[in-house]
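>>> I would like to see how this sequence folds:
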Amino acid sequence: MDEQADEVQDGARGKHGARIFRTEIGGRPLVAEIGAIAKQANGAVLLRYGDTVVLTTATAEPRPRPDIDFLPLRTDFEERQYAAGRIPGSFFRREGRPTERATLSARLMDRPIRPLFPEGYRNDTQVVATVMAYDGENAPDLTAMVGASIALSVSDIPFLGPIGAVTVGLVDGTFVANPIPSVLARSDLELVVAGSEDALLMVEAGANEVPEDQIIAALQFGHAEIRKLVAWQRHIMAVVGRPKMTVAAPQGTSDVDALVRTLATQAMRHAILNPDKLARERDMEEVSERVRQEALERFPGQEIAVASALHDVEKAETRSLILERGVRPDGRKLDEIRPIWCETGILPRVHGSAVFTRGQTQVITVAALGSISDRQLIDSIGEREEFKRYIHHYNFPPYSTGEVRPMRSPGRREIGHGALAERALVRMVPNEEAFPYTIRLVSEVVESNGSTSQASVCGSTLALMDAGVPIIRPVAGIAMGLVKEGDRAAILSDIQGIEDHLGDMDFKVAGTERGVTAIQMDMKVQGLDADLLSQALEQARVGRMFILGRMLEAIAAPRSELSPYAPRIRVMQIDPERIRDVIGSGGKTINRIIAETGADVDVEDSGRVFIAAPNSEAGARAEEWITRLTRDPVPGEVYVGKVVRLMNFGAFVEIVPGKEGLVHISELAKGRVPTVEDVVEVGDQIIVKVKEIDDRGRLNFSRRDALLTVPGAEEREVIRPKPERVESAEEARGSNGRPRSTDGRPPHGERR
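Numbering: from 1, shown residues only. Reported below is the predicted structural model:
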């Protein structure tokens with residue numbers, strides 16, 4: 001249907017009554033089709049960016065939920081494998097649980113739109129983005145973010161947008177809007193930024209040590225592109241937008257608010273100033289419970305109104321202390337970092353480990369090194385790479401906050417924090433050529449009071465260094481906060497849980513001494529101006545340097561040796577034409593190498609071979625076998641081989657798995673050999689010299705020459721002892737009836 005876009009004027013009706021709107025971003029067309037698809041949703045748009053097509057819908061229940069005091073918003077990003085011309089690989093051949101990429105994309109949709117609903121809106125609301133076509137170049141997640149804004153903006157849902165979203169790359173010192181994957185691969189920056197016409201709402205970035213001033217410039221560049229998208233959407237709203245539903249203010253709550261403020265303000269302020277998290281939460285709960293009971297005696301049935309008023313008092317008093325007195329709940333200055341201690345090598349047998357503690361936030365990170373075959377296969381559309389060799393996982397168990405709740409599979413929070421920590425460090429990990437390992441890091445949050453994702457970054461750096469991974473430079477992370485009322489604003493370094501919960505911004509910055517490697521920013525108010533953002537980045541840089549200094553006191557550089565329990569990996573290059581010699585028929589040869597040496601062997605189509613062994617000896621043995629398999633033996637070379645078959649004319653000896661040759665009976669020993677079995681049996685290991693290679697490539701060996709020319713040759717052999725054999729009269733006389741000499745040679749004057 002949207003192929004009609006090029007044939008109609010912007011906003012005119014296309015096929016089946018659809019309205020079609022066009023713009024351009026990053027030099028490529030962006031086309032929105034509204035009114036023909038998914039018409040029972042409150043709002044829907046079929047958005048095409050290049051040949052990537054995403055259907056985004058926004059739906060809301062007509063009545064608010066009376067039993068809650070929060071916004072019940074759900075965002076879903078639905079990948080469809082058919083979009084990339086694939087059939088799912090599962091047993092059922094259909095999509096199952098969301099991939100990690102889909103989960104992260106759903107978070108990207110949620111974060112910039114969530115602050116833009118009016119206070120008091122309590123209707124169940126759902127935004128669903130379904131990827132219906134993917135062209136391999138234009139990002140479906142970015143398309144879904146813009147689609148979510150359009151669907152909400154043209155609907156009757158009370159959304160205070162629109163917003164725009166753009167990816168900013170930095171290629172050869174030049175900013176690029178929405179770079180395609182081949183360009184992004186050369187970029188020093190991948191910054192996803194979303195915002196309104198006036199301010200930024202969400203930032204997500206990975207960077208290659210980009211200085212803070214360039215980050216600010218990139219944000220300004222991105223915001224200019226966002227304004228174009230917002231203006232385009234306002235035009236769409238003017239043409240097809242619906243009137244917004246009314247959000248009713250809660251009835252009869254002003255008296256409740258006044259009573260709760262009177263009863264709770266002083267006591268809550270005193271409780272907030274307790275520096276210990278658990279004690280503070282206990283004191284605040286005691287105040288809340290006492291006030292709740294007294295307020296409900298006066299206003300029975302107003303549980304939600306009382307709870308909301310208590311939250312408002314808690315928020316107001318915390319923010320007032322910070323803005324008016326410059327006092328934080330734990331008594332720190334605005335830019336002060338909590339006490340830090342860290343230690344490496346805390347766990348035996350693992351490849352690398354560290355604990356990082358900052359105040360009442362504590363994370364243990366463990367590093368595991370594996371072979372290239374341990375890489376993670378990426379089965380998600382929109383990914384630029386097929387495999388991932390650096391993996392970071394983040395776990396947040398309930399005991400870390402002193403709570404009891406079910407232990408389930410990772411949720412959006414765990415996946416998002418793990419991805420952030422991974423992004424912060426991935427560019428500091430040596431490439432595959434320099435360090436041919438798959439690396440997995442697992443951060444276990446064992447105590448939480450804010451900034452756990454950045455504690456994971458710090459702990460991961462320490463664990464990598466403890467494991468002996470030669471990282472380019474160490475990375476530290478810090479979480480910044482903001483409290484803003486009118487013209488007054490306070491930027492907080494190293495925020496704790498209560499400051500995150502009641503503040504206006506969660507701004508995480510990770511980087512090295514040279515620059516930023518990752519950013520994640522979420523706003524809880526309608527945007528942040530450039531001046532405050534610049535101040536926050538500079539304050540974060542100072543804090544990051546302090547944290548980095550404390551980390552380097554625990555371990556100054558990566559260890560020079562890997563853990564004795566880590567695999568030893570060798571990399572060798574063979575002729576791709578000889579890969580079949582290493583693999584063997586049905587994998588027989590490579591499986592034998594693995595079984596007999598204990599090393600894992602991975603062969604790439606390019607001929608690059610990775611050998612992962614438990615020790616150096618096993619790796620060297622596997623490498624030697626592969627070397628012999630992939631080059632032709634030369635006459636005169638000596639091998640120790642295994643007897644695999646016996647014939648009456650000689651023995652076949654395998655010098656490496658899959659490569660064997662013949663030792664003729666006349667070449668088996670220094671003297672005469674009556675029968676092959678008199679010298680060797682199947683399974684014996686004997687020394688042989690390559691005698692010749694015939695015109696058909698067949699190998700002929702000589703044990704006799706090896707015994708005569710190689711010092712200590714017999715010591716390298718493993719031959720089972722043979723029982724003494726009595727020679728028969730016929731054998732003693734020879735085939736011509738004459739007696740043989742005692743040394744096995746023909747009598748004088750006879751030919752052999």
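>>> which residue is nearest the middle of the chain?
The residue lying closest to the centre of the chain (Cα atoms, centre = their mean) is I391, at 4.4 Å.
>>> now that residue: closest residue in space, sequence neighbours ignored.
Across the structure, with Cβ to Cβ, 6 or more residues apart in numbering as the measure, the residue nearest I391 apart from its sequence neighbours is R440 (4.6 Å). C-beta here means a position set from N, CA and C on the backbone, and glycine is covered the same way.
>>> show the pLDDT at that neighbour.
The confidence metric pLDDT takes the value 97 at R440.
>>> does it touch R375 like I think?
No - contact between R440 and R375 fails when scored by Cβ atoms under 8 Å: they sit 10.1 Å apart.
>>> quick one: buried residues of the lengthiest helix in the chain?
Using DSSP state H, we find that the single longest helix of the chain is helix 212-240. Burial within helix 212-240, assessed by neighbour count using 16 or more other Cβ atoms under 10 Å, is assigned to 212, 214-219, 221-223, 225-226, 229-230, 232-233, 236, 240.
>>> same question for stretch 125-139.
Within stretch 125-139, the residues that qualify as buried are 125-135, 137-139, counting by 16+ other Cβ under 10 Å.
>>> next, the contact list for N42, please.
Applying Cβ atoms under 8 Å, 6 or more residues apart in numbering, we find N42 in contact with 58-60, 155-157, 242.
>>> burial count for the closest residue to it other than its chain neighbours?
Among residues not flanking N42 along the chain, S155 sits closest, at 3.9 Å (Cβ to Cβ, 6+ apart). S155 is surrounded by 23 other residues when neighbours are defined as other Cβ atoms under 10 Å.
>>> what about A102, neighbour count?
Other residues near A102 come to 23 when the count uses other Cβ under 10 Å.
>>> same deal with the one 4 residues further on?
Counted with other Cβ under 10 Å, residues neighbouring A106 total 24.
>>> next: the one 10 residues further on.
The tally of other residues near L116 (other Cβ under 10 Å) stands at 20.
>>> picking up where we left off before, any chance of the contacts of N42 in TSV with pLDDT, distance to A540 and secondary structure as columns?
Conversion of the contacts of N42 to TSV gives the following (pLDDT from 0 to 100; distance: Cβ to Cβ, whole Å; DSSP: H, G, I helix; E, B strand; the rest coil):
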residue	pLDDT	distance to A540	secondary structure
A58	98	35	strand
T59	98	39	strand
A60	97	37	strand
S155	97	37	coil
D156	97	41	coil
I157	97	35	coil
R242	96	42	coil
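>>> how about stretch 632-650: buried residues?
Under the neighbour-count rule (16+ other Cβ under 10 Å), stretch 632-650 has 633, 638-639, 641-643, 646, 650 buried.
>>> for that stretch, measure first residue to last.
Taking Cα to Cα, to the nearest Å, the first and last residues of stretch 632-650 lie 22 Å apart.
>>> how about stretch 368-377?
Distances were taken as Cα to Cα; on that basis the terminal residues of stretch 368-377 are 18 Å apart.
>>> buried residues, it. List them.
Residues of stretch 368-377 classed as buried: 368-372, 374-375 (neighbour count, 16+ other Cβ under 10 Å).
>>> between which two of those is the distance greatest?
A368 and I372 (14.2 Å; Cβ to Cβ).
>>> which element is the residue lying closest to M132 once chain neighbours are set aside on?
Spatial nearest neighbour of M132, chain neighbours left out: V53 (4.7 Å); criterion: Cβ to Cβ, 6+ apart. Secondary-structure assignment from DSSP states H and E places V53 in strand 52-60.
>>> show the average pLDDT along the host helix or strand of I391.
In this structure, I391 is located in strand 390-395 according to DSSP H and E. Computed over strand 390-395, the mean pLDDT rounds to 96.
>>> and stretch 615-623, by the same measure?
Here the mean pLDDT over stretch 615-623 is 90, rounded to a whole number.
>>> who touches it?
568-570, 572, 593-594, 597-599, 601, 611-613.
>>> which element is L552 on?
Secondary-structure assignment from DSSP H and E places L552 in helix 530-554.
>>> hmm, who's touching that helix?
Under the criterion Cβ under 8 Å, 6+ apart, residues 200, 212, 215-216, 219-220, 335, 337, 340-344, 354, 356, 358, 458, 461-462, 474, 476-478, 480, 482, 484, 489, 491, 493-494, 505, 507, 509-513, 516 lie in contact with helix 530-554.
>>> 7 Å - rerun?
212, 215-216, 219-220, 335, 337, 340, 342-344, 458, 461-462, 474, 476, 478, 480, 482, 489, 491, 493-494, 507, 509, 511, 513 (Cβ atoms under 7 Å, 6 or more residues apart in numbering).
>>> and what of stretch 91-111?
Defining contact as Cβ under 7 Å, 6+ apart, one finds that stretch 91-111 is touched by 75-77, 79-81, 87-88, 90, 127, 129, 141, 144-145, 148, 192, 202, 204, 379-380, 382-383, 412, 415-416, 419, 522.
>>> list the contacts for L646?
When the contact criterion is Cβ under 7 Å, 6+ apart, the partners of L646 are 676-677, 682.
>>> cutoff 10 Å now
With contact taken as Cβ atoms under 10 Å, 6 or more residues apart in numbering, L646 is in contact with 652, 675-677, 679-682.
>>> so V45 makes contact with K39?
No - V45 lies out of contact with K39 (Cβ atoms under 10 Å); the separation is 11.7 Å.
>>> pick out whichever of those two has more residues nearby.
A count of neighbours by other Cβ under 10 Å puts V45 above the other of V45 and K39, at 33 against 9.
>>> so how far is M109 from the more buried one?
Counting by Cβ to Cβ, to the nearest Å, the gap from V45 to M109 is 13 Å.
>>> what score does P633 have for pLDDT?
We note a pLDDT of 86 for P633 in this prediction.
>>> three-state assignment of it?
coil (DSSP: H, G, I helix; E, B strand; the rest coil).
>>> how about R514?
For R514, the secondary-structure state derived from three-state DSSP is coil.
>>> N648 and S493, how far apart?
The spacing between N648 and S493, counted by Cβ to Cβ, is 87 Å.
>>> could you do R290 as well?
Applying Cβ to Cβ to R290 and S493 gives a distance of 34 Å.
>>> more crowded one of those two?
A direct count of neighbours by other Cβ under 10 Å for R290 and S493 places S493 higher, at 25 against 13.
>>> that one against R338, yeah?
Yes - under the criterion of Cβ under 10 Å, S493 makes contact with R338 at 9.4 Å.
>>> overlap in contacts, those two.
Between them, S493 and R338 share these contacting residues under Cβ under 10 Å, 6+ apart: 332, 451, 547.
>>> mind putting the residues you listed in a markdown table, pLDDT, neighbour count and distance to G164 included?
Below are these laid out as a markdown table (pLDDT from 0 to 100; neighbours: other Cβ atoms under 10 Å; distance: Cβ to Cβ, whole Å):
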| residue | pLDDT | neighbour count | distance to G164 |
| --- | --- | --- | --- |
| R332 | 91 | 18 | 37 |
| S451 | 90 | 29 | 29 |
| I547 | 97 | 24 | 34 |
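>>> same for the helix or strand following the strand holding V53, what does it pack against?
Along the chain past strand 52-60, the next helix or strand (assigned with DSSP H and E) turns out to be strand 73-78. Packing contacts for strand 73-78, counted by 3 or more Cβ pairs under 10 Å, 6 or more residues apart in numbering; DSSP states H and E, involve strand 52-60, helix 100-113, strand 125-133, helix 140-154.
>>> how distant is the first one from the center of its chain?
Yep, that's strand 52-60 we're talking about. 27 Å (Cα atoms, centre = their mean, to the nearest Å).
>>> now it and helix 140-154, what's the angle there?
In this structure, strand 52-60 runs at an angle of 40 degrees to helix 140-154, with axes from the mean of the first three to the mean of the last three Cα atoms, to 10 degrees as the basis.
>>> what do you get for the third one?
Between strand 125-133 and helix 140-154, the angle comes out at 140 degrees (the same axes, to 10 degrees).
>>> list the strands paired with strand 125-133, with their directions.
Using DSSP bridges, the strands paired with strand 125-133 in its sheet are strand 52-60 (antiparallel), strand 73-78 (parallel).
>>> so which of these is the most surrounded?
Among those, the stretch with the highest mean neighbour count (mean count of other Cβ atoms under 10 Å) is strand 52-60, at a mean of 25.
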